[in-house]
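Participant: fold the following, please.
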Amino acid sequence: MEGMMNDGEIDERRRLSQFELSPIIQATDKTFAETREKAQKLAEEEKKKATK
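Facilitator: Below you'll find the predicted structure:
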């Protein structure tokens, strides 16, 4: 049964995979926030141009 993993090994692998994904998720959230801010600034600039 060399290829079989026990419950402890499976739990450890799950824990590590979640840890590895965390920075990716945080970076994505940050990117979305930056994009929203840029879009809002552009919309405000366009609104100012339209009112002149």
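Participant: neighbours of residue 36, just the number please.
Facilitator: For residue 36, the tally of surrounding residues (other CB atoms under 10 Å) stands at 10. Yep, even glycine has a C-beta here, placed from its N, CA and C like the rest.
Participant: specify the local secondary structure of it.
Facilitator: helix (DSSP: H, G, I helix; E, B strand; the rest coil).
Participant: local confidence estimate at residue 32?
Facilitator: pLDDT for residue 32: 89.
Participant: that one: what secondary structure?
Facilitator: Of the three states, residue 32 takes helix under three-state DSSP.
Participant: quick one: low-confidence ranges for this structure?
Facilitator: 1-3, 5, 18-24, 52 (pLDDT under 70).
Participant: quick one, helices of it?
Facilitator: For the chain, the helices defined by DSSP state H occupy 7-51.
Participant: and residue 10, how many residues sit next to it?
Facilitator: By the criterion of other CB under 10 Å, residue 10 has 10 neighbours.
Participant: kindly report the same for residue 11.
Facilitator: By the measure other CB under 10 Å, the count of residues near residue 11 is 11.
Participant: report the contact partners of it.
Facilitator: Applying CB atoms under 8 Å, 6 or more residues apart in numbering, we find residue 11 in contact with no residue.
Participant: if I look at it, how far off is residue 17?
Facilitator: Per CB to CB, to the nearest Å, residue 11 is found 11 Å from residue 17.
Participant: again, but for residue 30
Facilitator: The spacing between residue 30 and residue 17, counted by CB to CB, is 21 Å.
Participant: next one: residue 25
Facilitator: When distance is defined by CB to CB, residue 25 is 12 Å away from residue 17.
Participant: same question for residue 48.
Facilitator: From residue 48 across to residue 17, the span is 47 Å (CB to CB).
Participant: now residue 38
Facilitator: 32 Å.
Participant: what does residue 29 give?
Facilitator: Remark: distance between residue 29 and residue 17 (CB to CB) = 19 Å.
Participant: how about residue 47?
Facilitator: Residue 47 is 45 Å from residue 17, by CB to CB.
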